[in-house]
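> my questions are about this predicted structure, shown below with the sequence.
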Amino acid sequence: MNARAAKVIIHGLLIGGTLVAVFPLLWMLAVSFMQPGEAGSLPPPLWPAHATWHNYEVLFLRAGVGRYLFNSFAISAAITLLSLAFNLMAGYAFAKLRFAGRERLFQMLLGLLVIPAQVAMLPLFLMLKSMGLVNSYAAVVLPAAATAFGIFLVRQYARGIPDELLEAARIDGAGELRIFGQIVLPLLKPIMVTLAIFTFLTAWNDFMWPLIALTGQEHYTLPLGLASLAREHAQDSELMMAGSVVTVIPVLALFLAMQRYYIEGLLLGSVKG
Amino acid sequence: MSPQRAAWWFLAPAMVVLGVFFLLPVIAALGLSLTDYDLYALADIRHLRFVALGNYWDLLHQKKFWSALGHTLYFVIVGVPLSLMVSLGAALLLNSPLVRCKAFFRTALFAPVVTTVVAVAVVWRYIYNTKYGLLNYALGMVGIHPVDWLGDPHWAMPSIILFAVWKNFGYNMIILLAGLQAIQKDLYEAARIDGASALQQFRHITLPMLGPTLLMVGILTVSGYFQLFAEPYVMTEGGPLQSTTSVLYLMYNEGFKWWNFGTASAVAFLLFVIMFVVTALMLRLGRRGATA
């Protein structure tokens, strides 16, 4: 087979694959602008005949999606900030500070990685219930405020910081907090960005735990709101597609803007893990 | 403050969170699975009774547990190899030196991974629609009769698998692509000089060199696929005829629909044990494969 034929075949396959990957997303966008009922005709329309914002108006004015959007942002942002702070501090301590029992504690932490999160969900629910936290933002935010995986990632990265740098600062009389804030944090910036994007996306897309922890609609995140809308309005495809667009666009945009960091994190967390 | 003291201060917040909101509940789940914690106990804790391994014993005798496990295994056994094959195929294509606009293709193929499961499940549910869905329409054009994708117990799980593969293959594709790029080019050069065909090069160089990456990606995918829940929750509500009720779906129903926390905890632990055993087996087989 000559190189030219190979080139055509490879590109053909890639274009075909790309179409399959992206088509449902583009079609979701197209249907979201259709008139009510338009998508339920044959042949299935690929493009809105008369584009309309109607579905988005219904979503925000009547279905309360603005509230879900706000909840999703608030919860994901809080999780990102808290877990960033906690994981960075812990990861740095494991990497660079000496203390008794460090290796054993770290081994335990790695052990947690193999336990699926769902095992903890039932007692966690009972615990939060007794604390009066079920159906609050805290019920979703607190359990995600630190992760074994995040600490592991930071530790791997922080091990690259030269000890001499920290020793020099100590000799100059800098306190541990100051060393962390002024020397370590700036050096950890790349992993900070990566971890932040990862955490935000995971928090935004999470479904099962919020479904359990948030029992009232006023605290629903977008995936929850969408799932409950899908059960009520199964027939309103156009409305549902608009809901999907609102849910997907923020994370897709974040990914497209920060691709490089996201993919770096993905490789850090897997190939070297 | 000494570095030793500082270390504990730096560790404290994360350790408290992980201890209180993860480790403690996991241990409590083990305890809970040995009790008959249900709606009555939820109302008044004095109704709680210790039943030892009773929940496990009951589950192992119940059809609903075995069928949920069967559906989950179906999803894992068919879904994981399919997902890996698509990922590997896409990675091999992207890795070809002939490809132009690599970054574009990579981004487009990866896009489904970052989307929200619930949102794209809603989209796919509509693509699968018996009457107005695009899939049946496309099949109709080549003369295939409409299929009730999500409404037919035989087709519901394959439909969910297809959706899951679409949603997830990009993740492994990126990792495998990095693995492919790490293989030294001179190996292929030498093989070419010896007259090895593309297929032979793939079998004798690419696959063995990619082995460890494939094993890792395989283990990650298996443990991810064992946790099937959101897809059937949104697309089929576990039906039709329970054909898409997974183990986690069963746990969710037992726990949060019927408030049988004892039984639900036992389900969660059984799933954990099964995942652990399967992962350990894969690791062991992978190591043996590497030394052989």
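Ah, there it is.
> just for chain A, where's the confidence low?
Residues of chain A meeting the criterion pLDDT under 70: A:1, A:270-273.
> taking the centroid of it, which residue is nearest it?
In chain A, the centroid-proximal residue (C-alpha atoms, centre = their mean) is A:L201; its distance is 1.7 Å.
> residue contacts, the residue lying closest to that residue once chain neighbours are set aside?
Excluding the flanking residues, the one nearest A:L201 by C-beta to C-beta, 6 or more residues apart in numbering or on different chains is A:V251, at 5.4 Å. All C-beta atoms are positioned from the backbone trio N, CA, C, and that covers glycine. Contacts for A:V251 (C-beta atoms under 8 Å, 6 or more residues apart in numbering or on different chains) come out as A:200-201, A:204-205, B:114-116.
> one more pass at 7 Å, please.
By C-beta atoms under 7 Å, 6 or more residues apart in numbering or on different chains, A:V251 lies in contact with A:201, A:204-205, B:114-116.
> which single one of the residues you listed is nearest to B:P3?
For these, the closest approach to B:P3 (C-beta to C-beta) belongs to A:L201, at 34.4 Å.
> buried ones in the host helix or strand of the closest one?
Applying DSSP states H and E as the criterion places A:L201 in helix A:189-205. Using 16 or more other C-beta atoms under 10 Å in any protein chain shown as the test for burial, helix A:189-205 gives A:191-205.
> from those residues, which is closest to A:M127?
A:A203 (20.4 Å).
> would you confirm that that closest one contacts A:S76?
Yes. Contact criterion C-beta atoms under 7 Å: A:A203 and A:S76 qualify, at 4.1 Å.
> contacting residues for B:F22?
A:112, A:120, A:143.
> now with 10 Å?
A:112, A:115, A:117, A:119-120, A:124, A:143, A:146-148 (C-beta atoms under 10 Å, 6 or more residues apart in numbering or on different chains).
> of those residues, closest to B:G218?
Among the contacts of B:F22, and counting by C-beta to C-beta, the member closest to B:G218 is A:I115, at 19.6 Å.
> which non-adjacent residue is nearest that closest one?
B:V26 (5.8 Å).
> and the next element down the chain from the helix or strand harbouring the one you found?
Using DSSP H and E, B:V26 sits in helix B:24-32. Where DSSP H and E defines the elements, the next helix or strand beyond helix B:24-32 is helix B:39-43.
> would you mark the buried spots in that next one?
Buried residues in helix B:39-43 (16+ other C-beta under 10 Å): B:A41.
> hmm, the helix or strand following it touching chain A?
Following helix B:39-43 in sequence order, the next helix or strand is helix B:54-60 (DSSP H and E). No. Helix B:54-60 does not reach chain A (C-beta under 10 Å from any C-beta of the partner chain); its nearest approach is 12.1 Å.
> list the contacts of helix B:54-60.
Counting by C-beta under 10 Å, 6+ apart, B:32-37, B:51, B:53, B:65-66, B:68-69, B:250, B:254, B:260-267, B:269-270, B:273 sit against helix B:54-60.
> quick one: contacts for the residue nearest to the centre of chain A?
A:76, A:80, A:250-252, A:254-255, A:258, A:262, A:265, B:113-116.
> again, only this time at 7 Å
A:251, A:254-255, B:114.
> then B:L241?
Here B:L241 is in contact with B:P153 (criterion: C-beta under 7 Å, 6+ apart).
> what of the one 3 residues further on?
For B:T244, the contacting residues are B:71, B:156-157, B:160, B:232, B:236, B:238, taking C-beta under 7 Å, 6+ apart as the criterion.
> which stretch of helix or strand covers the residue lying closest to it once chain neighbours are set aside?
Nearest non-adjacent residue to B:T244, counting by C-beta to C-beta, 6+ apart: B:P232, 4.0 Å away. Per DSSP H and E: B:P232 is located in helix B:230-235.
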